[in-house]
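Trainee: Below are the sequence and a predicted model for it; my questions follow.
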Amino acid sequence: MNQLVHSGTVPTLTPTLLYLDDITVSFDGFRALNSLSLSIDEAEMRAIIGPNGAGKTTMMDVITGKTRPNQGTALFAGTHDLTALDEAAIAQLGIGRKFQTPTVFEMHSVEDNILLSLKADRKSFPTLFSRRTPLEKERIDALLERIRLKDHRKRKASELSHGQKQWLEIGMLLAQEPRVLLVDEPAAGMTDQETADTADLLREIAKTRSVIVVEHDMVFVKDLGVKVTCLHEGSVLAEGSLDQVSADERVIEVYLGR
Ligand SMILES: Nc1ncnc2c1ncn2[C@@H]1O[C@H](COP(=O)(O)OP(=O)(O)OP(=O)(O)O)[C@@H](O)[C@H]1O
């Protein structure tokens, strides 16, 4: 959905999907988010960087309804007020979140993990033994291809490498057709090759969906090649290309170092 944004005197239509404005979250008086404003377009990938304690996780918690802000606006697709919805309702809207540690069904095969996610709205136990519809089979194949696990479909998830488990979980989230995917440090603990493949995977996903990636690995962020937002003390410190943000004196001071 497009959102009307007034730039100067001429209103223009921009495809804003996620709009945060003046978000503040206080924990016993300490502001984890301090008047944070940020907007993400439809099918945009954004990298969020910043020092420990900058508020990155708290921002994701606000978007997914885990934490309620004390003040501010959080709109999804121009109309849905995220501050008024619970986590389940927000997930239903199409906001998927991947935490840092992979959570897959270890004892099930790779393809059954995807199948369970396709059918997540039904009871999982009977569905594993029920026939796969041709449409389900087609979707599982497409997802396995996308997450680079087609040749591993029959293996137990527990046998996958750490990187492959991360991809599997991304595939499970994709099975739910999110409009935006929030991903927390996907490259942590991956080999160099897996890290490069993950950057490719996220770029492919971002052709049709928005992706927000929280990341500390600057090589990976460079590889993503997307707009970067640096948070500090709960607000946006700098925003732009990685080159612009990493040349910013304030970012160097609080995060990147000299
Ligand atoms: N439930 C809570 N109660 C009290 N303080 C909290 C709570 N959650 C977060 N904080 C504080 O809010 C600040 C922001 O934390 P947050 O986890 O959002 O930062 P971050 O940017 O994700 O950091 P990191 O890179 O270390 O994950 C930190 O100072 C943290 O200690």
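Mentor: Received it, and whenever you're ready, just let me know what you need.
Trainee: what residues are up against the nearest residue to residue 140 once chain neighbours are set aside?
Mentor: Leaving out its chain neighbours, the residue that sits closest to residue 140 by Cβ to Cβ, 6 or more residues apart in numbering is residue 114, at 5.1 Å. Any C-beta I mention is one placed from the backbone N, CA and C, and that applies to glycine too. Contacts for residue 114 (Cβ atoms under 8 Å, 6 or more residues apart in numbering) come out as 140, 143-144, 168, 171-172, 175.
Trainee: Which secondary structure state does residue 114 sit in?
Mentor: In three-state terms, and counting by DSSP: H, G, I helix; E, B strand; the rest coil, residue 114 is helix.
Trainee: Around the ligand, which positions in the stretch 101-250 of the chain sit nearby?
Mentor: Within the stretch 101-250 of the chain, not a single residue sits near the ligand (Cβ under 6 Å from any ligand atom).
Trainee: and with 8 Å instead?
Mentor: 214, 216, 231, 234 (Cβ under 8 Å from any ligand atom).
Trainee: where's the last one relative to residue 99, distance?
Mentor: Residue 234 sits at a distance of 21 Å from residue 99 (criterion: Cβ to Cβ, to the nearest Å).
Trainee: higher neighbour count, those two?
Mentor: The neighbour comparison of residue 234 against residue 99 (other Cβ atoms under 10 Å) goes to residue 234, with 23 against 13.
Trainee: That one - nearest residue in space that isn't next to it in sequence?
Mentor: Nearest non-adjacent residue to residue 234 (Cβ to Cβ, 6+ apart): residue 34, at 3.6 Å.
Trainee: what helix or strand is that neighbour on?
Mentor: Per DSSP states H and E, residue 34 falls inside strand 30-41.
Trainee: buried set for that strand?
Mentor: By 16 or more other Cβ atoms under 10 Å, the buried positions in strand 30-41 come out as 31-34, 36, 38-40.
Trainee: Rounded mean pLDDT for it, please.
Mentor: Across strand 30-41, the average pLDDT comes to 97.
Trainee: going forward can the numbers begin at 49, since that is how I track them
Mentor: Let's use 49 as the start, then, which means that last one is strand 78-89.
Trainee: The residue nearest to residue 282 reaches residue 280, doesn't it?
Mentor: No: Residue 82 is not in contact with residue 280 according to Cβ atoms under 8 Å; the separation is 9.7 Å.
Trainee: could you check the angle strand 78-89 makes with the strand or helix carrying residue 67?
Mentor: For residue 67, the element it lies in under DSSP H and E is strand 64-75. Taking axes from the mean of the first three to the mean of the last three Cα atoms, to 10 degrees, strand 64-75 and strand 78-89 form an angle of 180 degrees between their directions.
Trainee: now the strand holding residue 82, how far from the centre of its chain.
Mentor: Centroid separation for strand 78-89 versus its chain: 16 Å, with Cα atoms, centre = their mean, to the nearest Å.
Trainee: Compute the distance between the residue nearest to residue 188 and residue 258, please.
Mentor: Distance from residue 162 to residue 258, by Cβ to Cβ: 22 Å.
Trainee: How is the residue positioned nearest the centre of the chain assigned, secondary-structure-wise?
Mentor: The centre of the chain sits closest to residue 230, judged by Cα atoms, centre = their mean, with a distance of 1.4 Å. Here residue 230 is recorded as strand under three-state DSSP.
Trainee: Look up phi and psi at the closest residue to it other than its chain neighbours.
Mentor: Using Cβ to Cβ, 6+ apart and skipping the chain neighbours, the partner closest in space to residue 230 is residue 145 (4.4 Å). Torsion angles at residue 145 (phi, psi; degrees, to the nearest 10) stand at phi -130, psi 130.
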